[in-house]
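Novice: Got a predicted model here, sequence first, then my questions.
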Amino acid sequence: MKILVAVKRVIDYNVQIRVKEDGSGVVTDNVKMSTNPPDDNAIEEAVKIKEAGKAKEIVAITIGEEKAQETVRKALAVGADRGIHVKVDSVIEPLAVSKILKKIVEKENPDLVFMGKQAIDDDCNQTGQMLAALLNWPQATFASKIEVKNNALEVTREIDEGLETIEVNVPAIVTCDLRLNEPRYASLPNIMKAKKKPIEQINASDLGVDINPRIEQIKVEEPPKRKAGIKVASVEELVQKLKNEAKVI
Amino acid sequence: MSVLLIAEHNNKEVRPFTYNAITAASQINEDLHVLVLGHKADDVAKSLSEVPNVKKVIHVDNEIYENYIAENYTAAITKHAENYSHIVSSANTFGKNLMPRIAALLDTSQVSDIIKVISEDTFLRPIYAGNAFATVKSNDKKKCVTIRPTSFDPADKSGGSAEITKSDPAEASSSTKFLKKEEVKSDRPELGTARIVISGGRGMQNGENFKLISDIADKLNAAIGASRAAVDAGYITNDHQVGQTGKVVVPDLYIAVGISGAIQHLAGMKESKIIVAINKDGEAPIFSVADYGLEADLFEALPQFLSELNKLNTIQK
């Protein structure tokens, strides 16, 4: 089997987000960037499947500006075999991302496409499902366990009520939950080796896909701030405040 | 044109967030139709027809809709889509799984997880785990929108009498099979709609210690939540997780116990009306959003909390 894994470069999950004063977005200059966390789980799962002898090749793909390549390089360092970087200079919507991915899938013919369930920047949670629709492939979203069977996957999904298990025929799209696995760190020798692995560059404009935005971002603002609270000295005081001041119990 | 809402239900009852989504959908356009895809879900269709905000219920009955197979649902929904300007659902795991598949087939750029309807094409939505709010305008002719249920009040459930029309099923997918659902049954209120939520984090140290939390939850008729750290560590099941990648809750009272307050957890609870933090680390970020902070060892504070509650003559349920 061949697995294509899509990774996105986002503001690191530990960074305190600052909104730009002109309302045009959030501050990204001089801010630490890293791979979208559940995309790390997607790579890890692909590598585990390959290590179990059930996949032959892992291709990592990212779509974005020049620096987005860092995320592919990281994927190569933990076990992907080669990379693809589709260059776009503007921020594009999940619909456009899935159209680009569809073109790449048609060229690469993977059996599986893995990616994180959601990007922690725009919090859209759309791309995997959209790609599945465009390819007319089955989708297994929010996966917390994947079992590779003969030409099928058994996937446990995290849902509001608990867990759901479905079986999807290959080819399929899987979007990964953070609980799917524990992503490994790249060792120094593997980071060095990854530098020699190939990354193919493709310009999005050469793919013949409409990536123009359909959604206008009118403004971005800070959410309302909570009023500062107080510290209470004892449990007794806490219960009294909840009863008599906040009146919630 | 009208709005089509996709109902979430278990074939017997309407799932509660559908009512919150109905409120938001009818703010987009008052001519709101609800699509019920299910198997022997006549009671669901009937309940929804009694919601005053609902003008019409379309009911498709077939065994292929017994479970939420997104592929099967999508085929049925896109069949009806041409009559509608908006397709909407709640932004929980049901709608998140389903709506992008519909949107892509309709070639429309979805607007996810809205918290306010500004006009029929403009919405407010949180980004970056709720650390920024974006006002966005959809320029697509047909709009696919998911609704953060906790940002809208549930619609009234009775007084209406919408027409129920039957419609034919679409083709079933042969490539996806439902195997099983492990649902955690509980007599407690649902996490997403509970008036009081008490959550435990890594500070609980193990699963057994969650009994300290469940004892208080019993007393307050509260739902039990957890941080991602507690779920990852196996203290409690995933359906309890509150946060950016878990559930978003907006209770009247949220009690965070042994939770440091990572950005990702705050994203799921910081809109709560009253927040209490109990943590032995006085510098923990959770205190920055807490109305009442108690710097204490939770293993001493929780039993005391329970005994103080026991002293009260009345407790609001």
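Specialist: Cool, got the structure.

Novice: Which parts of stretch A:85-104 count as buried, going by neighbours?
Specialist: Within stretch A:85-104, the residues that count as buried by 16 or more other CB atoms under 10 Å in any protein chain shown are A:85-88, A:92-104. Where C-beta positions appear, they are placed from N, C-alpha and C, glycine not excepted.

Novice: before we move on, what about stretch B:205-216?
Specialist: In terms of neighbour count (16+ other CB under 10 Å), stretch B:205-216 has its buried residues at B:209-210, B:212-216.

Novice: what's the spacing between it and its chain's center?
Specialist: Distance of stretch B:205-216 from the chain centroid (CA atoms, centre = their mean, to the nearest Å) equals 24 Å.

Novice: again with stretch B:137-156
Specialist: When distances are taken as CA atoms, centre = their mean, stretch B:137-156 is centred 13 Å away from the chain's centroid.

Novice: Kindly check the end-to-end length of it for me.
Specialist: End-to-end distance of stretch B:137-156 (CA to CA, to the nearest Å): 29 Å.

Novice: Return the residues of the stretch 201-317 of chain B in contact with chain A.
Specialist: Neighbours of chain A within the stretch 201-317 of chain B, by CB under 8 Å from any CB of the partner chain: B:220, B:228, B:231-232, B:237-239, B:244-245, B:247, B:252-253, B:263-264, B:270, B:273-276, B:282, B:287, B:289-296, B:301, B:304-305, B:308-309, B:312, B:315-316.

Novice: Narrow these to those in helices?
Specialist: If you go by DSSP state H, those have B:220, B:228, B:231-232, B:263-264, B:301, B:304-305, B:308-309 in helices.

Novice: Most neighbours among the residues you listed, which one?
Specialist: Comparing those by number of neighbours (other CB atoms under 10 Å in any protein chain shown), residue B:305 comes first, having 28 neighbours.

Novice: Quick check: closest non-adjacent residue to residue B:180.
Specialist: Leaving aside its sequence neighbours, residue B:180 sits nearest to residue A:165 (CB to CB, 6 or more residues apart in numbering or on different chains; 5.0 Å).

Novice: so that neighbour makes contact with residue A:154?
Specialist: Yes: at 6.4 Å, residue A:165 and residue A:154 qualify as touching, with contact defined as CB atoms under 8 Å.

Novice: who touches both of the two?
Specialist: Here residue A:165 and residue A:154 share the contacting residues residue B:179, scored by CB atoms under 8 Å, 6 or more residues apart in numbering or on different chains.

Novice: a helix runs through residue B:98, doesn't it?
Specialist: Yes: under DSSP: H, G, I helix; E, B strand; the rest coil, residue B:98 falls within a helix.

Novice: check contacts around it.
Specialist: Here residue B:98 is in contact with A:129, B:6, B:68, B:70, B:73-74, B:77, B:89 (CB under 8 Å, 6+ apart).

Novice: and what of residue B:277?
Specialist: Contacts of residue B:277 (CB under 8 Å, 6+ apart): B:256, B:259, B:261, B:284, B:286-287, B:289-290, B:292-294.

Novice: can you check residue A:19 too?
Specialist: A:25-27, A:220-222, B:131-132.

Novice: Would you list the buried entries among those?
Specialist: A:26, A:220, B:131-132.

Novice: Specify which member of the residues you listed is nearest to residue A:149.
Specialist: residue B:131 (40.9 Å; CB to CB).

Novice: what are the phi and psi angles of that closest one?
Specialist: When read as degrees, to the nearest 10, the backbone of residue B:131 gives phi -80, psi 0.

Novice: Disregarding flanking residues, what is the spatial nearest neighbour of residue B:77?
Specialist: Distances taken as CB to CB, 6+ apart put residue B:102 closest to residue B:77, at 5.3 Å, once the chain neighbours are dropped.

Novice: For that neighbour, grab the count of nearby residues.
Specialist: With other CB under 10 Å as criterion, residue B:102 counts 27.

Novice: so which strand or helix has it?
Specialist: Under the criterion of DSSP states H and E, residue B:102 resides in helix B:93-105.

Novice: Next secondary structure after that helix?
Specialist: Downstream of helix B:93-105, the next assigned helix or strand under DSSP H and E is strand B:111-114.

Novice: Okay, now the sheet partners of that next one, with direction.
Specialist: Next to strand B:111-114 in the sheet, as set by DSSP bridges, lie strand B:143-147 (parallel).

Novice: No more questions from me, cheers.
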